[in-house]
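Student: 3D, please:
(one chain, ligands or ions: 1)
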Amino acid sequence: MLQQTRMEVVLGYFERFIQRFPTIKALASSTVDDVLAAWSGLGYYRRARMLREGAVAVFERGAMPRTVDELMTVPGIGRYTAGAIASIAFGDRAPIVDGNVKRVLARLDGVEDDPWSRAEELVKACEEPRKLNQGLMELGALVCTPRNPSCDVCPVQKYCVAFATNRVHELPRPKEKQATRELRIPLYLVTDRKGRVLMRREHGKLMTSMLHLPHGDSSLLGARPLEVARTQLIGTFRHTVTNRRITFALFEAKLADSLATFAALRATNLRLVRATTAEGMQRVGVHTERGEESVAHMLKLYADHDLVHLRQIDRIKKAVGAG
Ligand code: SF4
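Tutor: I've put the predicted structure just below:
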C-alpha cells in the first residue's frame, strides 16, 4: 500500500484491510472484486490485484519463500519487495533500493553510481542486514529528505561526501520531468426503465478489469468507445494518474440503435448493472456468467475523485437505486 501512497492515507486502509483479510489464506480465497472493494479509494489498483495473486501463489506453495530469487517468482514481488522481505523478515544479506535509499547513497558517496551495487556492498559488510536496510530507509524518509535534509542531526554526517563538499542540494540530480498530458474522456450514464446502469469491464492503461461507466474515447481505457445517440452533460470530474491529467465528462446518454439489444451489449462487454441493496454506494451488483459481483469500488472511486458536485453523485446513486 505504501508504494506510491503516503503513510497518513494508508493507515486507515491498512487496518481495515488486515481485518478483512487477516491471513494469506483469507486473501487467497477472496474474489478480485472483494479485494478491489477493500482497496477502493487507494488508487493504483494493480497493486491490489497483484497482492491477491501473490497470496494465491504463496498459499498454493504452502509457505512464504525465503530467498530473493524465490520471492521474485511470486506475482507482484519485484527486486525491492523481495529484498525487503528477505532481509527484514529472514535476516538475509539482500540489498534494497527505493527512492529514499538511492538519495542517501548518492549523498553519502557524493556520486550517483549504480545504487544496487552499492547497497549490496553495504549489506554484505554490515552486521545486521535487517537493521541496515531499515536504517537506510528511515534515514532517507526522516533525516536525509529531498529538500532541507537535517544534516545537523544526521548520524552519518561524518561519512557524508556531499556534506563535506557542500553538494547536498546538488545530489541526486533532478530527473527530467515528463510532459503532462491533458486528456478529456467522456463517460456515459445510460439507464434503462428498471433503473439499471450500463457498465463495462475495462481493459487498458487504467483500471483494468474493473467495471466502469462506458466511455467515448479509447486513449486511456482500452475498449471500443460506446456508440451513443443523444447526450446531455451532467458534469465533469478530474483525476490525475502519473503525468496524465484527465477530465472525465459525465453525460446522460441514450444508446445508439445498433446497441439497443442485450446481445449487442454483451458482444461489446457491456452489462446492465442494478442495485442489490439500498446501503448508499456500498453494494451494487451486476449479473454476469460469474454471478453477482460488487462494483462498489468503482462507484466509490467516482466519489473519492471529486465527482465535483454532490448533486451529480446523487444522480448516479439514484440511477443505480443506491441513493
Ligand atoms: S549529512 Fe546530510 S546529506 Fe549527508 S546523509 Fe546526512 S542528512 Fe544526508
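Student: residue 231: how many residues sit nearby?
Tutor: 16 (other C-beta atoms under 10 Å). Placement of C-beta: from N, CA and C, glycine included.
Student: actually residue 135, not the one I wrote
Tutor: Residue 135, neighbours per other C-beta under 10 Å, totals 16.
Student: could you do residue 252 as well?
Tutor: 16.
Student: wait, is residue 82 part of a helix?
Tutor: Yes. Per DSSP: H, G, I helix; E, B strand; the rest coil, residue 82 lies within a helix segment.
Student: so how far is the ligand from it?
Tutor: Separation of residue 82 from the ligand (C-beta to the nearest ligand atom, to the nearest Å): 26 Å.
Student: what sits against the closest residue in space to that residue that isn't next to it in sequence?
Tutor: Spatial nearest neighbour of residue 82, excluding adjacent residues (C-beta to C-beta, 6 or more residues apart in numbering): residue 71 at 3.8 Å. Listed by C-beta atoms under 8 Å, 6 or more residues apart in numbering, the contact partners of residue 71 are 65, 77, 81, 82, 85, 86.
Student: quick one: secondary structure of the second one?
Tutor: Three-state secondary structure (criterion: three-state DSSP) places residue 77 in coil.
Student: burial measure for it, as a count.
Tutor: 22.
Student: skipping adjacent residues, who's closest to it in space?
Tutor: Nearest non-adjacent residue to residue 77 (C-beta to C-beta, 6+ apart): residue 71, at 5.2 Å.
Student: name the helix or strand for residue 19, please.
Tutor: helix 7-20 (DSSP states H and E).
Student: for that helix, packing partners?
Tutor: helix 32-39 (3 or more C-beta pairs under 8 Å, 6 or more residues apart in numbering; DSSP states H and E).
Student: go again using 6 Å as the cut-off
Tutor: Helices and strands touching helix 7-20, by 3 or more C-beta pairs under 6 Å, 6 or more residues apart in numbering; DSSP states H and E: there are none.
Student: tell me what the top helix by length along the chain is packed against?
Tutor: If you go by DSSP state H, the chain has its longest helix at helix 46-61. Using 3+ C-beta pairs under 6 Å, 6+ apart, the elements in contact with helix 46-61 are helix 24-28, helix 32-39.
Student: where among the ones you listed is average confidence lowest?
Tutor: Mean pLDDT values for those show the minimum at helix 32-39, a mean of 83.
Student: enumerate the residues of this structure near the ligand.
Tutor: The chain comes close to the ligand at residues 104, 107-108, 143-144, 149, 151, 154, 156-157, 160, 162-163, 168, as judged by C-beta under 6 Å from any ligand atom.
Student: now the buried members of these.
Tutor: Neighbour counting with 16 or more other C-beta atoms under 10 Å marks 104, 107, 108, 143, 144, 149, 154, 156, 160, 162, 163, 168 as buried within these.
Student: need these in TSV with secondary structure, can you?
Tutor: Output for those, formatted as TSV (three-state DSSP):
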residue	secondary structure
104	helix
107	helix
108	helix
143	helix
144	coil
149	coil
154	coil
156	coil
160	coil
162	helix
163	helix
168	helix
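Student: which single residue of the stretch 1-150 of the chain ends up nearest the ligand?
Tutor: residue 144 (3.2 Å; C-beta to the nearest ligand atom).
Student: before we move on, the earlier item: out of the helices and strands packed on helix 46-61, flag the one nearest residue 112.
Tutor: Closest to residue 112 of these is helix 32-39 (C-beta to C-beta; 34.8 Å).
Student: got the angle between the closest one and helix 46-61?
Tutor: 130 degrees (axes from the mean of the first three to the mean of the last three C-alpha atoms, to 10 degrees).
Student: which other helices and strands does helix 32-39 contact?
Tutor: Short answer (3+ C-beta pairs under 6 Å, 6+ apart): helix 32-39 packs on helix 46-61, strand 291-294, helix 296-304.
Student: list the buried residues for stretch 128-144?
Tutor: 129, 130, 132, 133, 135, 136, 137, 139, 140, 143, 144.
Student: ditto for stretch 83-99
Tutor: In stretch 83-99, the ones that count as buried by 16+ other C-beta under 10 Å are 83-88, 90, 92-98.
Student: lowest-confidence entry in the residues you listed?
Tutor: Among the buried residues of stretch 83-99, residue 98 has the lowest pLDDT, at 91.
Student: number of residues surrounding residue 255?
Tutor: Neighbour tally, residue 255, other C-beta under 10 Å: 21.
Student: torsion angles phi and psi at it?
Tutor: Note on residue 255: its backbone torsions stand at phi -70, psi 150 [degrees, to the nearest 10].
Student: who does it form a beta bridge with?
Tutor: residue 228 (DSSP bridges).
Student: from residue 236, how far out is it?
Tutor: Relative to residue 236, residue 255 is positioned 22 Å away (C-beta to C-beta, to the nearest Å).
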